[in-house]
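K.L.:
Generate coordinates for the sequence data below:
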Amino acid sequence: MGRRSQQIINLTKNYMKIKNDFEYLPIEQYEELFDLGLISAISTNGLEIVATNRDPKFHPRVGFLFKRSKKLEKAINDYFDGNLLVDAKTFWTTCRDIKSRIRTTN
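P.N.:
Residues are numbered from 1 along each chain as shown. Sure thing, here's the model as predicted:
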């Protein structure tokens, strides 16, 4: 087997691991969000997307999971209150990355 074939196999294994991680997360420790603007804004502010959830029952809706924290709660409240400030260029870059993630998540 060639080096390129092995790299593809490893990428596929890693993708499958990421794809199925949602099933094994203790859901009470995570917040699932669906609003693209909110997800982009809080990701731009440094909060990490832990996993994605694409449930075929709710297609084409994709949920993004974040670890629950005071920082996440404050960011969500600030977003809906209109007080969350983010850099516009970074926001749109993050938004494009998230859209790409939605399209490539099976």
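K.L.:
Contacts for stretch 92-103 next, please.
P.N.:
The contact list for stretch 92-103, computed with Cβ atoms under 8 Å, 6 or more residues apart in numbering, reads 36, 37, 39, 40, 43, 44, 49, 52, 62, 64. Placement of C-beta: from N, CA and C, glycine included.
K.L.:
Over to stretch 66-80?
P.N.:
Contacts for stretch 66-80 (Cβ under 8 Å, 6+ apart): 29-31, 33, 37-38, 41-42, 45, 47-50, 84.
K.L.:
one step back: who wins on neighbours among the contacts of stretch 92-103?
P.N.:
Compared across these, residue 64 has the highest neighbour count, 25 neighbours, by other Cβ atoms under 10 Å.
K.L.:
Would you mind measuring from that residue to residue 50?
P.N.:
8 Å (Cβ to Cβ, to the nearest Å).
K.L.:
Check residue 103 too.
P.N.:
For residue 103, the distance to residue 50 - Cβ to Cβ - is 19 Å.
K.L.:
on that earlier part again, possible to save the contacts of stretch 92-103 as CSV with pLDDT, distance to residue 95 and secondary structure?
P.N.:
Shown next, in CSV, are the contacts of stretch 92-103 (pLDDT from 0 to 100; distance: Cβ to Cβ, whole Å; DSSP: H, G, I helix; E, B strand; the rest coil):
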residue, pLDDT, distance to residue 95, secondary structure
36, 91, 7, helix
37, 93, 8, helix
39, 95, 9, helix
40, 95, 4, helix
43, 93, 9, helix
44, 92, 9, helix
49, 90, 13, strand
52, 83, 15, strand
62, 85, 14, strand
64, 90, 12, strand
